[in-house]
Every structure is written in C-alpha cells, then in structure tokens.
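Visitor: take a look and give me a structure for this.
(one chain, ligands or ions: 1)
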Amino acid sequence: MNKKDILSFTPAELEAEITALGEKKFRASQLFDWLHAKRVTAFADCSNLPGALTEKLDGLYVIPRAAVKRKLESRLDGTVKYLYEFADGERCETVLMSYRHGTSLCISTQVGCKMGCSFCASTKAGFVRDLTPSEMLLQVYETERDSGRKVESLVLMGIGEPLDNFDNVMKFLSLLSSEKGKNMSLRHVSLSTCGIVPRIRELADMKTGLTLSVSLHAPTDEKRSAIMPVNKRYDTAELMSACRYYFDKTGRRISFEFALISGVNDDPGTAKELIKLLRPLSPCHVNLIPVNEIREREYRRSAKVREFQKMLTDSGINATVRRTLGADINAACGQLRRDSIAN
Ligand code: SAH
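Guide: Have a look, this model is predicted:
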C-alpha cells in the first residue's frame, strides 16, 4: 500500500484523518504543529504523541523530504540556487535571494512547463508533472533548514506556470499561511503568470492579498503571440481586462514583467505601444528584466534598458529595472534542471 503524504493535508483534512483512526481531535493539531512549525522528519520525534499513535502513523503516512542534489552559491551577492529531488526522482529549482528588505525565495510550481515561451529555458524539455502542495512547501522548509535563514517573502516565479496547477498552488498557499505553520502573510507572496485569464479572474474573486505579476514581454497581439503561445488562447485585450478586474476587486497594483530582448521588443515604438496598453491600468508597475541569455536561442540582452525605462517613467508609468542576482551561478530559472537532465 502506498503511504499517504501527511504534509499536504490542511488542518481540517488532518483532523478528519486522525479522527478516522479513532483518535481525539486535539492530536491532529499537535501533529500539525510538529509537521509545520517544528518540522520533524520522523513521527517518532513527536514527543507528546503516544508511541502507539506514532507507530500507527508511520505505517500509514510518509513525511516527505526533498533532497538537495546540487547547491550553487553566488560569490557576488549570496544568492543560493538549489536543485531539489523529490521521492520519484523528479527535480526542481529553488532560488534563495537576499535583498535589503529581507530574504526572498523563488519556488517552482511544476516539473517542466507547457507554456512554450520562446525565451524561457524551463519549457524547452516540455512538461513532466505538477508539483504537489507539499513539494512546494518542502522547497521552503528544506531551504530554511539547509540555509539557517528565514524566508520572509516568496515568489512563485520558478519553473512552471502556477495558474496551470491552480488547486495545488492554492492549497500550498493555504498551508503556508496557516497560523499553526509557517504563518506567512500572503501579502508577502507574488504569483507570476504568463496570462491564464480565467484563473486570474478566479484568483481576484478569492481576494487572497497576493501580488499578481503578469509576464507581458510584448504589447501587441502580433508581437506577443510570436514569443508567447499562450497569447493565442488569451489575447492582450482579454488579459488587460482580467488585470483590470484583479485590480478593481483586490486593490492590489499589478506588476508587469517585461524581458527586454535586443531587436525584438526594445525599440521606442514598442515602448509607445506598451504605454498605450498600460495607461488604462495605471497605477501599475513595470519590471524591466534584461533577458537572460539561454543556450537554445539567439536572443541577446538589450543595451537600451535605460532608454526604454525613461520612456515609460516620462509618461507616468512606474518602471524599475530588475537587479541581476546570482549572475555567476546562472540563477536564471530552468537551466540547472536542464543541465541535470542532460548529464
Ligand atoms: N510561468 C510563470 C512563472 C515562471 S517564469 C510566468 O510566465 O510568469 C518567471 C518569469 O521569468 C516570467 O516573467 C518569465 O517570462 C521570465 N523569464 C523566463 N525566461 C526568461 C529569460 N530567459 N530572461 C528573462 N526572463 C525570463
């Protein structure tokens, strides 16, 4: 019999499991505390649970772990990139970053990705599977354990499309923000999407407090569809209308990611089109990213980032340039996992 993953249960689900075993309810909350606050790795370590119960738990459930397969530490800025391996041998990448305002973790939500964005390394080897809620939590727990650092904010910007793994991501966020667990406010979480429109609307209705980052990268349907196939399913007009809906419902300013690629989307004409597209959504934020050059494509980093930024800010659109972290360890997502598959 396959043992059940005990880390993916919400407090209510854990209570149902424990009472079904003929135990009192309070045992479930003791167990949740051991798993998510004290982070035990063996049932036998839950010292206030009776031995008979921990033995029973051991026979039925597993406390999953993620193994550090590789770890790269930047000498430039302290960024640490982890390659984790799960029980079935699949791997994902997680990046720990230090900013002036604290420690942030970038986690993956899927093994591989279906979205096919032409500039992204994570999608090149295709899609393998969704990550479970506990595999997302483990990226946080194992990183805190290994680094001794406390993760203060989280970005869902690693491998995968979070809104294509919606239910698991939502369950993960509920576990992460659980008072009896890590207790992280969702105001400290950013979710990045390539633009799955119906899910953006659903997320807006849930009023989670999350910051929504939208990977835009091009301001017109013609240009966006050429580099992001998802735009053929949900075009820019639909996307902008969903963003407007998110802002109106939640009051949270949307952040747009725009990776500047030389000769593709970094000319003044594109900046003008972007201004036109985003003006109705103001106040919003544009995060300009000098594109990470990947092996599979000829895309080159734009040399016109500052000019592009100035055009936006001159027209009243808030735009910042993302600091490059971990440049010496190739912290761009997807590349470490790709290398590990190829080897
Ligand atoms: N699927 C989600 C989250 C993962 S990608 C999304 O699309 O938002 C995280 C961010 O990195 C996205 O903004 C993505 O477009 C961007 N990205 C991917 N490859 C990149 C590259 N080579 N250079 C710069 N940014 C890249």
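
Visitor: show me the contact partners of stretch 304-319.
Guide: Contacts to stretch 304-319, defined as Cβ atoms under 8 Å, 6 or more residues apart in numbering, come from residues 260, 262, 266-268, 271-272, 274-275, 278-279, 282-288, 290, 302, 320-321. Glycine gets a C-beta too; all of them are placed from N, C-alpha and C.

Visitor: please pick the buried ones from these.
Guide: Neighbour-count burial (16 or more other Cβ atoms under 10 Å) applied to these gives 260, 262, 266, 271, 274-275, 278, 284-288, 290, 302.

Visitor: what ranges in the stretch 1-150 of the chain fall below the confidence cut-off?
Guide: Scanning the stretch 1-150 of the chain for pLDDT under 70 picks out 1.

Visitor: let me see the ranges of the strands in it.
Guide: For the stretch 1-150 of the chain, the strands defined by DSSP state E, counting those that start in this stretch cover 4-5, 61-62, 67-73, 80-85, 91-99, 102-106, 110-112, 127-130.

Visitor: want to throw these into a markdown table with distance to the ligand and mean neighbour count?
Guide: Supplementary listing: those in a markdown table, determined by distance: least, Cβ to the nearest ligand atom, whole Å; neighbours: other Cβ atoms under 10 Å:
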| stretch | distance to the ligand | mean neighbour count |
| --- | --- | --- |
| strand 4-5 | 24 | 14 |
| strand 61-62 | 29 | 18 |
| strand 67-73 | 18 | 15 |
| strand 80-85 | 14 | 21 |
| strand 91-99 | 11 | 22 |
| strand 102-106 | 8 | 19 |
| strand 110-112 | 9 | 23 |
| strand 127-130 | 12 | 17 |
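
Visitor: could I get those strands as JSON lines with distance to residue 298?
Guide: Below are the strands of the stretch 1-150 of the chain laid out as JSON lines (distance: least, Cβ to Cβ, whole Å):
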{"stretch": "strand 4-5", "distance to residue 298": "43"}
{"stretch": "strand 61-62", "distance to residue 298": "45"}
{"stretch": "strand 67-73", "distance to residue 298": "26"}
{"stretch": "strand 80-85", "distance to residue 298": "25"}
{"stretch": "strand 91-99", "distance to residue 298": "24"}
{"stretch": "strand 102-106", "distance to residue 298": "26"}
{"stretch": "strand 110-112", "distance to residue 298": "23"}
{"stretch": "strand 127-130", "distance to residue 298": "24"}
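
Visitor: residue 243 contacts residue 281, doesn't it?
Guide: Yes. Counting by Cβ atoms under 8 Å, residue 243 touches residue 281, with 5.9 Å between them.

Visitor: can you report how many residues lie near the residue lying closest to residue 327 once chain neighbours are set aside?
Guide: Spatial nearest neighbour of residue 327, excluding adjacent residues (Cβ to Cβ, 6 or more residues apart in numbering): residue 76 at 6.3 Å. For residue 76, the number of neighbouring residues by other Cβ atoms under 10 Å comes to 12.

Visitor: re the thing from before, of residue 243 and residue 281, who's got more company?
Guide: Between residue 243 and residue 281, residue 243 has the larger neighbour count (other Cβ under 10 Å), namely 24 against 18.

Visitor: could you verify that that one is part of a helix?
Guide: Yes. Looking at residue 243 with DSSP: H, G, I helix; E, B strand; the rest coil, it is inside a helix.

Visitor: state the distance from it to the ligand.
Guide: Distance of residue 243 to the ligand, computed by Cβ to the nearest ligand atom, to the nearest Å: 13 Å.

Visitor: equivalent analysis for residue 145, please.
Guide: 25 Å.

Visitor: kindly report the same for residue 48.
Guide: On the measure of Cβ to the nearest ligand atom, residue 48 and the ligand end up 41 Å apart.

Visitor: that residue - how many residues pack around it?
Guide: Neighbours of residue 48 under the rule other Cβ under 10 Å: 9.

Visitor: and the residue lying closest to it once chain neighbours are set aside, how many residues sit next to it?
Guide: Computed as Cβ to Cβ, 6+ apart, the closest residue to residue 48 that is not its neighbour in sequence is residue 30, at 5.9 Å. Neighbourhood size, residue 30 [other Cβ under 10 Å]: 16.

Visitor: quick one: contacts for residue 30?
Guide: Contacts of residue 30 by Cβ under 8 Å, 6+ apart are 46, 48, 49.

Visitor: hmm, residue 213 is touching residue 157, no?
Guide: Yes. The pair residue 213 / residue 157 is scored as a contact, 7.1 Å apart, by Cβ under 8 Å.

Visitor: contact residues of the protein facing the ligand?
Guide: With Cβ under 6 Å from any ligand atom as the criterion, the chain meets the ligand at residues 115, 117, 119-120, 157, 161, 192-194, 215, 257, 259, 289, 291-292, 294, 332.

Visitor: okay, helices next: where are they in the stretch 101-250 of the chain?
Guide: With DSSP state H, counting those that start in this stretch as the criterion, the stretch 101-250 of the chain has helices at 133-147, 166-176, 197-206, 221-227, 230-233, 236-250.
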